[in-house]
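Peer 1: sequence? don't have it. structure:
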């Protein structure tokens, strides 16, 4: 037992000494330096910022109206005597569509005519009295001249003593004064009568003006077409009582629309209003003729935006000789969106939009820089950008937040042909 314990002790001591020597050897050996991990740069496809003029075709919903659309009302109240048109009738300008009978207006016209005749008679009577007074005035003026001549001769003779009595001179002098007063009185009467004649003439003119309201009475009884067009509605019939618009609950006799020229109304979005050009050709289509496009011309611009839709109504003229397109149709307008000046474009994938920022990843000298931009219109898979960036700057083709700002990358420029092949389909403006 004692020899076995000694052998175990010797083995344990030998193991401890060997282990200590091994660890001492490992500790005293010089340590090898570990090589740092190699940095791997990401290859980023880049495309240049290009300069283009925005021009694309957007599809807008539109409405079609007649160029002229009139509800036909009579000028006076009365009964329809005859009506010569119905829904679908073709009319020419000046065609008689309906005739009326208005006994009340006929009586009023005759009464006005009688008042005019009475006023003319009153004027004639006053003018006759004025002429009589003027004739009497001339007689009295002649008497005054004769008495003045006699008085002058008597007065000259009285200067010779004993030829003419003084009493005769006084009598002739008083006669001349009486004639002069009588002439002055007649002049005042003539002036008063002339003023009365003027008043009578003014009254006659007023009567004539009042009668002129009935002078075209015959034309009022005929309802004529105001232009070439179609009768699209007929509301009244023979014997119906009708009246002017706004004078009561009178419906129109019929409705006439011009068909050979139409108004195509396009609601142009606010962002596209700067590119509206009067006289430009704009195509549109209607569901009645699938696959066919009609061509309208920009004719009128409202220059006012609808607050609810933020659109500006623009009217196109469309000449419709075959009457294929009808008022009331809805249409698709292929609106040419354009800018008058150039702007910068990048692919849509090159712009990153987050709740806090919108930016592109500009790559310069292998370093990524986030450049804040504002997006504009889209065209052919590209989008307008506005910001601190210039044409020719290289940006990541597919930007994302994973491309950290100021990180180093390997720029891999993509040719313009490759860039076009990877574009997304064109879309409408945002």
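Peer 2: Looks like it came in fine. These numbers were taken from a predicted model, which means no experiment stands behind them.

Peer 1: Stretch 267-283 - what's its average pLDDT?
Peer 2: The average pLDDT within stretch 267-283 is 87.

Peer 1: Could you give the separation between the terminal residues of that stretch?
Peer 2: Across stretch 267-283, the terminal residues are separated by 14 Å (CA to CA, to the nearest Å).

Peer 1: Buried ones in that stretch, by neighbour count?
Peer 2: Neighbour-count burial for stretch 267-283 flags 267, 268, 269, 272, 273, 275, 276, 282, 283 (criterion: 16 or more other CB atoms under 10 Å). Every C-beta, even on glycine, is put in place using the N, C-alpha and C of the backbone.

Peer 1: Nearest to residue 149 among these?
Peer 2: Checking the buried residues of stretch 267-283 against residue 149 with CB to CB, the nearest one is residue 276 at 92.9 Å.

Peer 1: Residue ranges of each domain in the chain, please.
Peer 2: For the chain, automatic domain parsing gives the domain ranges 75-100+221-256, 105-217, 257-340, 342-421.

Peer 1: Averaged pLDDT, the first one. What do you get?
Peer 2: The reference is to domain 75-100+221-256. Here the average pLDDT along domain 75-100+221-256 is 90.

Peer 1: Residue 84 against residue 98, yeah?
Peer 2: Yes: with contact defined as CB atoms under 8 Å, residue 84 reaches residue 98; the gap is 6.6 Å.

Peer 1: Have a look at these two and say which one is more surrounded.
Peer 2: More neighbours surround residue 98 than the other of residue 84 and residue 98, with 24 against 13 (other CB atoms under 10 Å).

Peer 1: what's the helix or strand for the more buried one?
Peer 2: Assigned by DSSP states H and E, residue 98 belongs to strand 96-101.

Peer 1: Tell me which other helices or strands that strand touches.
Peer 2: strand 78-83, strand 222-224 (3 or more CB pairs under 8 Å, 6 or more residues apart in numbering; DSSP states H and E).

Peer 1: middle-most residue in this protein, spatially?
Peer 2: The chain has residue 302 as the residue nearest its centroid, 2.6 Å off, counting by CA atoms, centre = their mean.

Peer 1: what sits against that residue?
Peer 2: Under the criterion of CB atoms under 8 Å, 6 or more residues apart in numbering, the contact partners of residue 302 comprise 312, 313, 314, 315.

Peer 1: Any figure for the gap between it and residue 309?
Peer 2: 13 Å (CB to CB, to the nearest Å).

Peer 1: and what of residue 369?
Peer 2: For residue 369 relative to residue 309 (CB to CB), the value is 39 Å.

Peer 1: Compare those two and say which is more crowded by neighbours.
Peer 2: In this view residue 369 and residue 309 are compared by other CB under 10 Å, and residue 369 has more residues nearby, 17 against 11.

Peer 1: between the lengthiest helix in the chain and strand 78-83, how big is the angle?
Peer 2: Ordering each helix of the chain by length in residues (DSSP state H) puts helix 103-158 first. Between helix 103-158 and strand 78-83, the angle comes out at 120 degrees (axes from the mean of the first three to the mean of the last three CA atoms, to 10 degrees).

Peer 1: elements contacting helix 103-158?
Peer 2: Judged by 3+ CB pairs under 8 Å, 6+ apart, helix 103-158 is in contact with strand 78-83, helix 166-212, helix 217-220.

Peer 1: How many residues are close by residue 263?
Peer 2: 20.

Peer 1: ok, it to residue 316 distance?
Peer 2: 7 Å.

Peer 1: now do residue 61
Peer 2: The spacing between residue 61 and residue 316, counted by CB to CB, is 14 Å.

Peer 1: intersection of neighbour lists for those two?
Peer 2: Common neighbours of residue 61 and residue 316 (criterion: CB under 8 Å, 6+ apart): residue 333.

Peer 1: Show me which of the two is the more surrounded one.
Peer 2: Regarding residue 61 and residue 316, a neighbour count based on other CB under 10 Å identifies residue 316 as having more, with 26 against 11.

Peer 1: Name the SS class of that one, please.
Peer 2: Secondary structure, DSSP: H, G, I helix; E, B strand; the rest coil: residue 316 is strand.

Peer 1: Which residues does the nearest residue to it once chain neighbours are set aside form beta bridges with?
Peer 2: The spatially closest residue to residue 316, leaving aside those adjacent along the chain, is residue 296, at 3.3 Å (CB to CB, 6 or more residues apart in numbering). For residue 296, the beta-bridge partners under DSSP bridges are residue 282.

Peer 1: Starting from residue 74, give me the distance back to the residue nearest to residue 254 when sequence neighbours are not counted.
Peer 2: Closest residue to residue 254 apart from its sequence neighbours, by CB to CB, 6+ apart: residue 234 at 4.6 Å. From residue 234 across to residue 74, the span is 14 Å (CB to CB).

Peer 1: Okay, the residue nearest to residue 200 when sequence neighbours are not counted and residue 191: tell me how far apart.
Peer 2: Setting aside the residues directly before and after it, residue 200 is nearest to residue 123 in space (CB to CB, 6+ apart), at 4.4 Å. Residue 123 is 18 Å from residue 191, where distance means CB to CB.

Peer 1: ok, now residue 350?
Peer 2: From residue 350 to residue 191 the distance is 98 Å (CB to CB).

Peer 1: higher neighbour count, those two?
Peer 2: Legend: neighbour count by other CB under 10 Å for residue 350 and residue 191, higher for residue 350 (24 against 12).

Peer 1: give me the low-pLDDT residue ranges for the stretch 1-150 of the chain?
Peer 2: Residues of the stretch 1-150 of the chain that meet the criterion pLDDT under 70 lie in 1-40.

Peer 1: and residue 155, how many residues sit next to it?
Peer 2: Neighbour number of residue 155 under other CB under 10 Å is 14.

Peer 1: the strands in the stretch 301-430 of the chain, which residues?
Peer 2: Shown for the stretch 301-430 of the chain, the strands assigned by DSSP state E, counting those that start in this stretch span residues 311-319, 330-347, 351-353, 358-364, 367-379, 382-387, 394-396, 409-413.

Peer 1: wouldn't residue 284 be in contact with residue 334 here?
Peer 2: Yes: contact criterion CB under 8 Å: residue 284 and residue 334 qualify, at 6.6 Å.
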